[in-house]
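>>> could you work out the structure for the sequence below:
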Amino acid sequence: MAKEKSENRVYENETGVQGQYKTWFLDYASYVILERAVPAIEDGLKPVQRRILHAMKEMDDGRFNKVANIIGQSMQYHPHGDASIGDALVNLGQKDLLIETQGNWGDVRTGDEAAAARYIEARLSKFALEVAFNAKTTEWALSYDGRKNEPVTLPMKFPLLLAQGADGIAVGLSTKILPHNFNELIDASIKYLKGKKFELFPDFQTGGIIDIANYNGGKRGGKVRVRAHIEELDKKTLVIKDVPYSVTTTQLMESITKANDQGKIKIKKVVDVTAKDVEIQIDLAAGISPDITIDALYAFTDCEVSISPNACVIIADKPHFLGVQELLTVSADNTKRILNRELEIKLSELEDKWHYTSLEKIFFEEKIYKELEQKHENWDKVIEAIDKAFNPFKKRLKRDIQREDILKLTEKPVRRIYRLDINELNEQIKSIEADIQQVKFDLDHLTDFAVAYFENLQKKYGKGRERKTEIREFDTIQVKQVAIANTKVYINREEGFVGTSLKKDEFLTDCSDYDDIICFTKSGKMKVVKVSDKVFIGKDIIYAAVFQKNDERTTYNMIYVDGASGVSYGKRFNVTGITRDKEYDLTKGTDKSRIHYFTANLNGEAEVVKVVLSPNCTARIKELDYFFEEIEIKGRGSMGNQVTKYPIKTAKFKEAGKSTLAGRKLWFDDKFGRLNTDSKGQYLGSFEDEKLIVIYQDGNYELTDTELQQRFDPEKILLVEKFDPEKVITAVYLDNDKQQFNIKRFKIETTTLKNKFLFIKDGEGNRLEAVSTDPAPILIVQSGKGALVRKAKFKVVNMVEVMGWKAVGSKLTDYSKTIEMSWESHHKEDQAQPELFE
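A predicted model of the protein is given here:
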């Protein structure tokens with residue numbers, strides 16, 4: 001009795017309320033992971049997607065079906081509501097791969113929803129029917145109610161998971177697999193099957209630009225940055241041409257409006273004029289730089305988003321985290337395995353067909369059918385007689401004759417057999433034997449067969465599926481440099497406070513929320529603080545401004561007296577890097593040290609200061625001029641050079657000086673299309689007040705300043721260099737109307753900055769072919785191909801006079817697709833020794 005009670009308690013603990021609490025969470029988590037959120041590695045589908053496709057295959061008759069009907073059919077297999085099935089179906093349809101759609105299916109770019117299920121229609125695409133279904137190779141299981149069979153996984157012969165991507169949030173884990181390009185996936189599969197290396201990077205329906213530097217093969221811990229294309233329509237208008245993946249036009253506009261309301265950007269209005277293509281127009285506020293605004297849009301709005309992939313898939317009923325290369329190799333191996341199984345099935349069917357056709361031929365050719373006319377005791381005796389009649393011919397066959405084979409033969413109508421019928425059977429057997437031989441060959445060369453399969457897929461379905469997302473490395477946007485100065489900072493010099501809340505005190509400057517303020521006090525202390533409501537610096541602030549980190553040109557000139565010795569020192573220094581909120585002493589650090597004279601010079605200017613000594617001192621000369629240009633620029637902690645050992649009454653500005661710094665060296669980074677001072681890209685020279693000239697492929701030139709925030713499209717630029725108005729520009733361009741190349745030499749006569757001027761003949765298809773600022777350029781023209789290549793040199797100076805920049809120019813040669821032009825290098829001799837024309 002005690003034993004029975006004990007057993008009952010154990011049973012209650014396992015199945016009662018307490019026991020269920022122990023397992024419920026794990027059961028629920030396992031269910032969500034395996035049955036809802038995470039795709040299977042075999043076919044790349046979640047259960048709801050697989051059931052939808054299976055239901056559509058059952059309904060498939062080549063015509064479109066109402067989505068409402070498809071949902072109803074799918075509910076036979078999916079134990080959830082119609083809403084979840086409908087959403088999953090719309091999601092599949094919007095990917096434009098497995099399902100052909102009809103009606104309003106919404107738009108992933110704008111976020112518009114699909115019409116109601118009763119209004120829209122769908123059917124399986126030809127691609128889906130080819131790669132996803134084969135009842136003979138499918139593993140089946142009972143549906144949730146036991147009434148029907150459903151596929152455990154579909155026999156998918158394509159890396160669908162990587163093509164469509166996947167998102168899912170389960171219990172304790174999530175999956176995020178980014179979509180990839182159709183053709184690139186096929187190319188990668190072929191490379192893998194051939195034993196070659198391959199790379200895969202995301203490609204989005206929405207287009208955009210992607211930086212894959214940290215993609216990490218799609219594994220956990222990786223990250224991609226995605227941007228919208230933003231173009232400058234004119235100096236007052238920007239146009240956004242697409243949206244980043246997972247961002248809609250509505251979300252994008254809301255983020256732009258929010259950034260404007262917060263003062264991070266300044267715009268007049270933003271208008272969505274999206275139709276066939278995405279187009280969002282942004283009207284800029286007066287005086288706002290379009291280049292800086294583009295950077296600010298990337299920094300503060302959803303024009304740039306960061307996406308972290310997390311490829312989680314179900315393998316053998318357990319979640320695994322893989323990379324895209326592993327997913328591709330598993331898919332390619334799976335495709336190869338399925339193709340092998342299909343060939344084996346086909347071979348078996350062909351051998352059965354050959355066997356029966358051979359039996360049929362013998363049955364009629366050897367008149368075995370006449371056994372049906374003989375009198376036998378019963379039907380079994382007839383079958384035995386026919387089987388016995390086949391004995392002399394069984395050596396011709398490849399397997400034993402079964403009773404079912406004979407029964408099938410007896411079902412054929414008996415009639416008079418002609419030689420033509422026998423010949424037809426012989427032809428059928430030959431055809432079957434050829435097919436068997438081909439299938440065996442394919443099985444022996446399975447890799448080649450799989451490669452040919454993928455190549456055929458690409459040929460049939462790859463057109464129109466070119467890459468939409470441009471792969472490009474992004475430059476780093478400095479938020480402080482692009483943020484709009486939307487905050488006013490005030491200063492109380494006497495009490496030593498700075499901040500945004502001191503509105504009754506002196507206005508200091510406009511700045512952004514991301515800026516720091518650098519402050520100097522009379523006692524020789526320096527501190528850099530974050531912009532905030534109110535910060536104490538120290539009494540008697542003599543100078544404060546927005547701090548620019550790593551600024552090597554702003555130079556501080558200072559004369560201070562050492563409190564201990566009474567000696568006055570002069571020093572020049574830069575402040576490049578600091579610790580925020582830390583107080584730095586710029587003097588020798590003794591009590592009663594103080595600053596006599598202080599200036600901040602943005603370009604390293606060195607002024608002359610008139611120093612007046614105390615009238616009570618013993619110095620014979622009571623006034624002297626102090627030249628800061630004679631002092632080297634050192635670190636902020638340097639003591640400085642002695643100015644005088646006598647007490648100073650006043651030190652005042654006397655005369656402005658020139659900069660003691662060399663011109664700023666600039667480079668053009670043709671990867672990002674940006675100017676920089678970090679030695680990246682093409683060296684442009686040392687600049688003070690000089691301008692840049694930019695010459696574009698479309699035949700425009702532009703004069704511009706050296707502002708580092710400017711953006712250039714490197715793919716549209718032929719030349720960037722320091723502008724010299726005396727330099728002669730040599731240009732060769734295509735006159736598409738006359739089908740000829742023209743050449744001209746001219747000087748820049750315009751002075752307007754940041755305006756483009758067309759210097760070639762205006763016309764559709766006209767383009768700049770070559771340009772040089774060499775004083776004596778030699779043009780090399782190569783035409784023809786292979787053995788017919790011909791080169792010619794042209795001394796341009798002897799051929800063409802200098803003309804106005806608007807001139808059409810002179811004819812150089814007729815147009816040909818094989819013509820290539822280049823300028824002769826002054827450092828190398830041309831090995832081909834082309835003919836020289838003057």
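
>>> let me see the ranges of the strands in the stretch 451-600 of the chain.
Ranges of strands in the stretch 451-600 of the chain, per DSSP state E, counting those that start in this stretch, are 470-471, 487-492, 497-499, 506-511, 516-521, 525-530, 535-536, 541-547, 555-561, 568-573, 583-585, 594-601.

>>> pairing partners for the first one, with directions?
The pairing partners recorded for strand 470-471 under DSSP bridges are strand 209-211 (parallel).

>>> tell me the first helix or strand C-terminal of the partner strand.
strand 224-227 (DSSP states H and E).

>>> that next one packs against which elements?
strand 209-211, strand 304-307 (3 or more C-beta pairs under 8 Å, 6 or more residues apart in numbering; DSSP states H and E). For the C-beta atoms, the positions are set from N, CA and C on the backbone; glycine is no exception.

>>> returning to that earlier point: and of the strands of the stretch 451-600 of the chain, who's closest to Arg711?
strand 470-471 (15.5 Å; C-beta to C-beta).

>>> could you check how far that closest one is from the centre of its chain?
Remark: strand 470-471 is offset 5 Å from the chain centroid, using C-alpha atoms, centre = their mean, to the nearest Å.

>>> show residues contacting that strand.
Phe201, Gly207, Gly208, Ile209, Ile210, Asp211, Ile212, His229 (C-beta atoms under 8 Å, 6 or more residues apart in numbering).

>>> ok, of these, which one's closest to Leu142?
Looking across these and measuring by C-beta to C-beta, the closest to Leu142 is Phe201, at 41.2 Å.

>>> okay but that closest one is in contact with Leu185, surely?
No. With contacts counted by C-beta atoms under 8 Å, Phe201 stays clear of Leu185, the gap being 11.0 Å.

>>> what about the strands in the stretch 51-200 of the chain?
For the stretch 51-200 of the chain, applying DSSP E, counting those that start in this stretch gives strands covering 65-66, 99-102, 121-124, 139-142, 149-153, 166-169, 174-177.

>>> least confident of those strands, on average?
Among the strands of the stretch 51-200 of the chain, strand 166-169 carries the lowest mean pLDDT, a mean of 88.

>>> dump that one to PDB, restricted to CA.
Written as PDB, here are the backbone C-alpha positions of strand 166-169 (Å, rounded to 0.1, in the frame of the first residue of the first chain):
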ATOM      1  CA  ALA A 166      15.300  35.200 -42.800                       C
ATOM      2  CA  ASP A 167      14.300  37.000 -39.700                       C
ATOM      3  CA  GLY A 168      13.000  35.400 -36.500                       C
ATOM      4  CA  ILE A 169      12.800  36.000 -32.800                       C
END
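
>>> mind listing what that strand pairs with, with the direction of each?
When DSSP bridges is applied, strand 166-169 pairs with strand 174-177 (antiparallel).

>>> contact partners of the strand it pairs with?
So strand 174-177 is contacted by 37-39, 161-162, 165-168, 218, 307-313, 324, 327 (C-beta under 8 Å, 6+ apart).

>>> sorry, back to before: for Phe201 and Leu185, indicate the residue with more neighbours.
Taking other C-beta atoms under 10 Å, Phe201 and Leu185 do not tie; Leu185 has more neighbours (28 against 18).

>>> name the nearest residue to that one, ignoring sequence neighbours.
Pro159 (5.0 Å; C-beta to C-beta, 6 or more residues apart in numbering).

>>> which of the strands of the stretch 51-200 of the chain sits closest to Leu734?
Per C-beta to C-beta, nearest to Leu734 of the strands of the stretch 51-200 of the chain: strand 99-102, 43.4 Å.
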